[in-house]
Structure formats: C-alpha cells, structure tokens
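Novice: Okay, predicted coordinates and the sequence, questions at the end:
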Amino acid sequence: MNTATESKPGLLIVDDDPLITDTLHFVLSHDFEVYVAESRQQVKSLLTQLPSPPPLALVDLGLPPTQHKPDEGFALISDLLNHSKKIKILVLSGQNDEANARHARALGAIDFIGKPAEPERIKEALLSALRFDQGREEEVSIAKPVAETGSIIGKSFAVDKLRNQIKLYADAPFPVLIEGESGSGKELVAKSLHQWSKRKDKPYLALNCAAISPTLVEPTLFGYAKGAFTGANQAHSGYFEDAREGTLFLDEIGELPLELQAKLLRVLENGEFQRVGETNSRFSNARIVTATNRDLRREVRESRFRGDLYHRLSVFSVHVPPLRDQSEDKLALLEHFRSHFAREVGAATFNLSADAIRLWEDYHFPGNVRELRNIVIRLTTKYAGRTVNARELEGEFDLDIVTSGSIPLPTDAQALQEYAKTHLRSMHNFNLDQIMKQWEQSYVEAALSMTHGNLSQAAKLLGVNRTTLYSRMQTYQNE
C-alpha cells in the first residue's frame with residue numbers, strides 16, 4: 001500500500017488543452033493526487049466515481065462546447081460547490097480580463113490565475129489555499145453557534161428573524177425546509193437546529209443529494225442487504241438507520257430523483273423504510289431537515305418535484321437571507337473571518353482604510369457569505385499586517401455584475417437602491433441609456449432562448465405584444 005500517495009491532497013484539473021493538463025499533471029503529481037477532466041460532463045462523471053470530493057480544483061473557464069466564452073467555466077464553479085461546499089476552487093484561464101476574474105470569485109472561486117502561468121506559481125497558490133481550513137463550521141456562517149452560547153453573528157433584522165425561527169423550531173419533531181441562495185449558510189442553519197435542540201447529543205448526519213450518483217442515493221439513505229447488488233459483499237445500514245433519534249440533513253433536496261421522492265415520502269409519513277434487497281421493515285425516528293436553493297414551488301408546478309413531498313418537508317420553512325439584506329452585518333462578518341483566518345495561518349490581520357470600509361459596506365456580495373469569506377482569505381494572504389485601500393479592495397469585487405446577467409438583481413426597492421449606489425461608484429462614464437439597453441437586450445435574448453426563437457411565446461414571457469418585441473429586435477440589429 002502506498003501510504004505516501006494516500007496522504008496527498010486530491011486535485012481536480014479541468015482544462016481541454018492536453019498540453020496544459022499533461023504538464024500540470026507531471027509537475028503537480030508529486031504534491032497532489034491529480035485527477036484530470038476536460039469538460040463539465042466529464043467532471044460530473046468523475047465525481048460520482050471518487051469516494052470523496054477532492055479538496056482542490058483548478059478550473060479553466062473556456063471549456064467545451066463554448067471554449068471562446070467563460071460560461072461553462074462559471075457553471076462548473078457552481079456545480080463543484082453544489083457537490084461539495086468544502087472544495088477550494090482556483091481558476092486558471094486565458095480569459096483573464098478583470099470582469100471574468102471578479103465574477104469567478106463572486107461565484108465562490110478562491111482566486112484567479114491568468115494564463116500563461118509558471119507551474120511553480122500554480123503549485124504555491126494551491127498549497128496556500130490548503131492552509132485555510134474551509135471545512136470548519138466557520139466557513140459559510142451567518143448563524144454559527146459560538147462557544148455553545150447560541151449567539152449568532154449579526155444584529156440585522158433579517159438575522160434576528162432567522163435566529164428566532166431557529167430557536168422556535170429547534171425542539172419540534174417536524175421537518176424543516178431551509179431555503180436560500182447559494183453561499184448564504186443553509187447548512188449552518190441545519191446544524192444550529194440540531195445543536196439548539198434536545199437531540200444535540202444524538203447523531204447529526206448530512207447528505208448532499210447533488211453530490212451522489214442517483215443510483216447510490218437509495219442504498220445510501222436506506223442501507224442494503226448482503227448481495228443486494230454487485231459489490232454489496234456485506235449488509236450495510238443507511239443514513240436513516242444511523243441517524244436514529246438524531247437529525248438527518250438532506251442538502252440540495254431539489255436534486256433528488258422523482259422515483260426516490262415517493263420512498264422518502266413514506267419514511268416521512270410513518271418512519272418506515274426497507275433496506276435495498278430486504279423485505280422486512282425498519283423504523284427511523286430521525287428529525288428531517290432539508291435545504292435547497294431552488295424554488296420548489298415552481299418545481300412542483302413544472303412536475304419536477306412531488307407536491308405531496310414538498311408539503312411534508314415544509315411543515316416549517318426557514319428562509320436564510322442573502323447578504324445584501326444584512327447591510328449592518330457586513331463589518332461584523334468581516335471581523336469574524338479576518339480574526340479566524342489570521343489565527344489559522346499565523347498572520348497579522350489586515351485593516352481597511354476609511355474609503356475601503358465604505359466600499360465594503362456598499363458592496364452587494366452576490367455570492368453571499370461564501371464570497372465574503374473568500375475575499376477575506378485573499379486579503380489575509382495578500383495584505384497581512386497592512387491597510388487595504390479602496391482601489392485594492394475594489395479589485396476583489398465583482399463590480400461588473402450588472403452586465404453579466406449571471407446573477408439576478410435584488411428585487412426589493414431598498415436593496416435595488418443600494419445596488420445602484422455600488423454600481424454608480426464603480427463605473428466610470430456611466431450612461432443610463434446604455435445600461436438600460438443592455439439589460440433590455442439581455443432579457444429579450446434570454447426569452448428567445450427559453451422559447452427556442454418563438455416570438456409569440458417570448459413576447460408573452462416578457463409581457464409585451466409581438467409587434468413591440470419584433471420592433472425592438474430590429475433596433476438591436478440596426479445598431
């Protein structure tokens with residue numbers, strides 16, 4: 001047995017250029033257990049075969065089938081973080097304009113390295129990323145119980161409401177559905193529900209439904225008998241059985257295949273389940289907590305999620321607020337993560353200048369607390385013991401998000417106004433007409449894409465008549 005190999009941290013390299021992947025594999029395989037893929041589809045297949053997600057990923061943005069655009073790379077960042085919130089993603093890309101770098105970071109990437117880059121520099125960046133233990137509970141938390149006192153980071157109305165809901169629902173035996181955007185801290189809310197309940201000394205088990213092959217979900221949840229399928233050399237209990245009287249957290253519940261939703265519903269109704277390959281019934285009294293960043297009501301309407309299961313899961317519903325709704329908590333979270341990561345790597349803490357503090361308070365953090373944490377990691381690495389000015393801080397922000405169309409604008413009036421302030425401060429030679437035209441054209445193109453070019457359906461989706469839509473399309477073509 002090669003114990004040296006086992007001790008190496010895993011590294012996933014995703015790039016469609018074999019010269020780059022071969023070179024990096026040769027240089028980095030001494031320090032890492034390297035896995036290579038050239039597309040999002042290959043990554044999904046590879047992850048289902050690995051016993052656990054690699055802690056590191058090095059991702060190119062220009063991937064097939066659209067190598068000339070960063071869209072596939074951006075989507076892969078989201079895929080990887082949905083698969084494992086602990087994975088540390090570094091982007092290595094030739095599409096290295098500042099807008100792409102900022103957007104990759106907003107989605108959750110730790111850092112961005114432009115091509116060409118020396119392999120030694122890449123290795124140093126990867127090893128540096130490993131120094132930050134993002135797997136700890138501090139990683140994505142607006143709701144982390146601290147020192148068993150039950151305190152929550154943040155004093156905003158949104159966090160106060162969240163805190164009160166957690167305390168109210170913690171001891172109830174009924175299911176809780178946690179909803180919220182990616183990076184907002186849903187898993188930490190689930191842990192808080194367990195830690196603040198009478199079940200806190202019982203098992204707490206978590207399963208990410210998006211991180212496991214559909215064929216493995218049933219035996220993982222319910223267990224299996226010896227000989228139930230190829231490779232089942234001995235009987236094995238599942239999550240429901242192991243959770244016993246504790247809490248079972250099912251993350252990304254919207255990814256659960258329809259055929260398994262009926263079996264989950266049965267367990268929720270009477271606690272009864274069967275191991276795969278067995279006929280005798282077993283019972284679980286685990287408290288079920290689920291989470292999703294999808295709109296499950298819409299999923300039900302579009303027949304992608306069972307309505308009866310949705311109603312069973314959402315006896316209690318908790319909404320984790322996006323960071324843009326917690327303006328007064330941004331500095332508290334900055335201080336929390338700044339102190340934590342400086343301690344972790346033995347570095348002096350950085351400070352923000354007065355202008356940088358104002359910029360920090362105004363920024364909308366589209367990637368939520370996950371993005372804030374990653375920014376603090378980068379600032380700790382680059383500016384330990386220094387004062388960061390507004391220009392240096394601005395380089396870490398995704399200030400071009402308004403033209404990217406990848407993350408929606410906030411919908412409430414106050415958040416929209418704060419967003420507009422941030423955008424106006426960041427843009428030079430701002431032109432309102434140009435911005436409005438860009439947004440209008442983006443929505444028109446999106447509607448046409450969603451309706452496969454059907455003008456009537458696209459017009460209905462946009463809330464305009466067909467002749468108006470056609471006229472505006474003609475305007476875009478003539479400009």
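Specialist: Looks like it arrived, so ask away. Quick caveat, the model's predicted, so the values are computed rather than measured.

Novice: Roughly how far does the nearest residue to residue 321 once chain neighbours are set aside sit from residue 329?
Specialist: Nearest residue to residue 321 in three dimensions, chain neighbours excluded: residue 158, at 3.8 Å (Cβ to Cβ, 6 or more residues apart in numbering). C-beta here means a position set from N, CA and C on the backbone, and glycine is covered the same way. Remark: distance between residue 158 and residue 329 (Cβ to Cβ, to the nearest Å) = 8 Å.

Novice: Now do the helix or strand containing residue 162: which elements does it pack against?
Specialist: Per DSSP states H and E: residue 162 is located in helix 157-169. If contacts are counted by 3 or more Cβ pairs under 8 Å, 6 or more residues apart in numbering; DSSP states H and E, helix 157-169 sits against helix 186-195, strand 316-319.

Novice: where are the low-confidence patches of the stretch 201-350 of the chain?
Specialist: The model of the stretch 201-350 of the chain has no residue with pLDDT under 70.

Novice: What segments of it are strands?
Specialist: Secondary structure of the stretch 201-350 of the chain (DSSP state E, counting those that start in this stretch): strands at 204-208, 247-251, 272-273, 282-283, 287-292, 316-319.

Novice: Just the CA trace of the helix holding residue 162, in PDB.
Specialist: The C-alpha coordinates for helix 157-169 follow below in PDB (Å, rounded to 0.1, in the frame of the first residue of the first chain):
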ATOM      1  CA  PHE A 157     -33.400  42.500  11.400                       C
ATOM      2  CA  ALA A 158     -33.100  39.600   8.900                       C
ATOM      3  CA  VAL A 159     -30.600  37.700  11.100                       C
ATOM      4  CA  ASP A 160     -32.700  38.400  14.300                       C
ATOM      5  CA  LYS A 161     -35.700  36.900  12.500                       C
ATOM      6  CA  LEU A 162     -33.600  33.800  11.400                       C
ATOM      7  CA  ARG A 163     -32.300  33.400  14.900                       C
ATOM      8  CA  ASN A 164     -35.800  33.400  16.400                       C
ATOM      9  CA  GLN A 165     -37.100  30.900  13.800                       C
ATOM     10  CA  ILE A 166     -34.200  28.500  14.600                       C
ATOM     11  CA  LYS A 167     -34.900  28.700  18.300                       C
ATOM     12  CA  LEU A 168     -38.600  28.300  17.800                       C
ATOM     13  CA  TYR A 169     -38.400  25.300  15.500                       C
END
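
Novice: strands paired with whichever helix or strand comes after that helix, and their directions?
Specialist: Tracing the chain past helix 157-169, the next element assigned as helix or strand by DSSP H and E is strand 176-179. Using DSSP bridges, strand 176-179 pairs in its sheet with strand 287-292 (parallel), strand 316-319 (parallel).

Novice: And stretch 83-94, what's buried?
Specialist: 83, 84, 85, 87, 88, 89, 90, 91, 92, 93 (16 or more other Cβ atoms under 10 Å).

Novice: try stretch 447-467
Specialist: Here stretch 447-467 shows 447, 448, 451, 458, 459, 461, 462, 464 as buried, counting by 16+ other Cβ under 10 Å.

Novice: Among those, pick out the one closest to residue 173, please.
Specialist: residue 461 (42.6 Å; Cβ to Cβ).

Novice: Verify the contact between the closest one and residue 449 for me.
Specialist: No: using Cβ atoms under 8 Å, residue 461 makes no contact with residue 449, being 10.6 Å away.

Novice: Sketch out the low-pLDDT regions of the stretch 51-200 of the chain for me.
Specialist: Checking the stretch 51-200 of the chain against pLDDT under 70 turns up 96, 133-151.

Novice: quick one: contacts for residue 339?
Specialist: residue 349 (Cβ atoms under 8 Å, 6 or more residues apart in numbering).

Novice: what's the answer for residue 368, then?
Specialist: Residue 368 neighbours (Cβ under 8 Å, 6+ apart): 181, 182, 183, 184, 185, 322, 323.

Novice: Now list the buried members of those residues.
Specialist: Buried, going by 16+ other Cβ under 10 Å: 181, 182, 183, 184, 185, 322, 323, out of the contacts of residue 368.

Novice: State the pair within the residues you listed that is farthest apart.
Specialist: Applying Cβ to Cβ across the buried ones among the contacts of residue 368, the maximum distance is between 182 and 323, 11.5 Å.

Novice: How far does stretch 336-347 sit from its chain's centre?
Specialist: 22 Å (Cα atoms, centre = their mean, to the nearest Å).

Novice: mind listing what's buried in that stretch?
Specialist: Buried-residue list, stretch 336-347, by 16+ other Cβ under 10 Å: 336, 337, 338, 340, 341, 342, 344.

Novice: Quick one: the residues you listed as TSV, columns for distance to residue 116 too.
Specialist: Below are those laid out as TSV (distance: Cβ to Cβ, whole Å):
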residue	distance to residue 116
336	37
337	32
338	33
340	34
341	30
342	32
344	31
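
Novice: Could you point out the longest helix of this structure?
Specialist: For the chain, the longest helix by residue count, based on DSSP state H, is helix 432-450.

Novice: helices or strands up against it?
Specialist: So helix 432-450, by 3+ Cβ pairs under 8 Å, 6+ apart, packs with helix 455-462, helix 466-478.

Novice: cutoff 6 Å now
Specialist: helix 455-462 (3 or more Cβ pairs under 6 Å, 6 or more residues apart in numbering; DSSP states H and E).

Novice: Could you check the angle the helix it packs on makes with helix 466-478?
Specialist: 100 degrees (axes from the mean of the first three to the mean of the last three Cα atoms, to 10 degrees).

Novice: Convert helix 455-462 to PDB, retaining C-alpha atoms only.
Specialist: Output of helix 455-462 as PDB, limited to C-alpha atoms (Å, rounded to 0.1, in the frame of the first residue of the first chain):
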ATOM      1  CA  LEU A 455     -41.600  35.300 -31.000                       C
ATOM      2  CA  SER A 456     -45.200  34.900 -29.700                       C
ATOM      3  CA  GLN A 457     -44.100  32.900 -26.700                       C
ATOM      4  CA  ALA A 458     -41.100  35.200 -26.000                       C
ATOM      5  CA  ALA A 459     -43.400  38.200 -26.100                       C
ATOM      6  CA  LYS A 460     -45.800  36.600 -23.700                       C
ATOM      7  CA  LEU A 461     -42.900  35.800 -21.300                       C
ATOM      8  CA  LEU A 462     -41.700  39.400 -21.500                       C
END
